[in-house]
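Asks: Sequence plus predicted model, see below.
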Amino acid sequence: MTTESSSARQQILETASELFYQKGIQYVGINEVIAASGVAKRTLYRWFPSKDLLIEAVMQYRAAQWISWFETAVSERGNTPKERLLSTFDVLRDWYASPNFRGCPFINAVLEIADASHKAHQVSINLRESIRQIIMQLAAEAGVKNPDFFSRQYLLLIGGASLMATIEQSPEGATFAQTALSVLIDANIGASG
């Protein structure tokens, strides 16, 4: 694989990722991706023989970027595991408030693609599990009783905050979720000590 070829693949992924996110997966055709990315049709089809394969690759690309961003942003905030747990919603609030926020791309994809067997669904499931693992680790470090159960409760909070941000076009859901998270943390730390 040449650098030029790898660069074309990257350009396709970045372009398709942005188009899918801004317009919706179902509303973006292959020809629009080709035109916007500036690659030849043949090049796109060499890398992604079908739209479903392109969708899957975009979802994997986006999930890798998102989890890396989230983990780094959380690790840079707070001095203790408890502070970092709470800071997750500071990080999310910043994301929700960004001018190009159009909802969680993973929730959007699952809602757009009705076929639960589509690989985009599995990418979203895997990302949620990655988030859960980060939270479970922080919860264990913070002394939370039953970090596994706690991390599943957290997923409800992040899902609710993300939907609220999407529907209401406001980052306020992160504040509400952060308040609920603080109560959960205190209740679960108190239960163990």
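Replies: Good, I have the coordinates.
Asks: From residue 59, how far off is the spatially most central residue of the chain?
Replies: Nearest to the mean C-alpha position of the chain, by C-alpha atoms, centre = their mean, lies residue 66 at 5.1 Å. To residue 59, residue 66 is 10 Å away according to C-beta to C-beta, to the nearest Å. Where you see a C-beta, it was placed from the backbone N, CA and C, and this is true even at glycine.
Asks: Next: residue 18.
Replies: 14 Å.
Asks: ok, those two, which is more surrounded?
Replies: Applying other C-beta atoms under 10 Å to residue 18 and residue 59 shows that residue 59 carries more neighbours, namely 27 against 17.
Asks: which ones are touching that one?
Replies: By C-beta atoms under 8 Å, 6 or more residues apart in numbering, the contact set of residue 59 is 105, 106, 109, 119, 120, 123, 124.
Asks: helices and strands around the strand or helix carrying the third one, which ones?
Replies: Per DSSP states H and E, residue 109 falls inside helix 105-112. Counting contacts by 3 or more C-beta pairs under 8 Å, 6 or more residues apart in numbering; DSSP states H and E, helix 105-112 is packed against helix 3-23, helix 51-75, helix 119-142, helix 147-168.
Asks: from the chain's centre, how far out does the last one sit?
Replies: Averaging C-alpha coordinates over helix 147-168 and over its chain gives two centres that are 12 Å apart (C-alpha atoms, centre = their mean, to the nearest Å).
Asks: between residue 66 and residue 59, what contacts are shared?
Replies: Both residue 66 and residue 59 are in contact with 105, 106, where contact means C-beta under 8 Å, 6+ apart.
Asks: Residue 148: neighbour count?
Replies: 11.
Asks: And residue 67, how far from residue 7?
Replies: According to C-beta to C-beta, residue 67 and residue 7 sit 24 Å apart.
Asks: Pick out whichever of the two has more residues nearby.
Replies: residue 67 (16 against 11).
Asks: Tell me how far that one lies from residue 144.
Replies: Relative to residue 144, and taking C-beta to C-beta, residue 67 is found at 21 Å.
Asks: Same check on residue 107?
Replies: Between residue 107 and residue 144 the computed distance is 26 Å (C-beta to C-beta).
Asks: so how far is residue 133 from the residue nearest to the centre of the chain?
Replies: When distance is defined by C-beta to C-beta, residue 66 is 14 Å away from residue 133.
Asks: Now do the contacts for the residue nearest to the centre of the chain.
Replies: For residue 66, the contact set (C-beta under 8 Å, 6+ apart) comprises 105, 106, 127.
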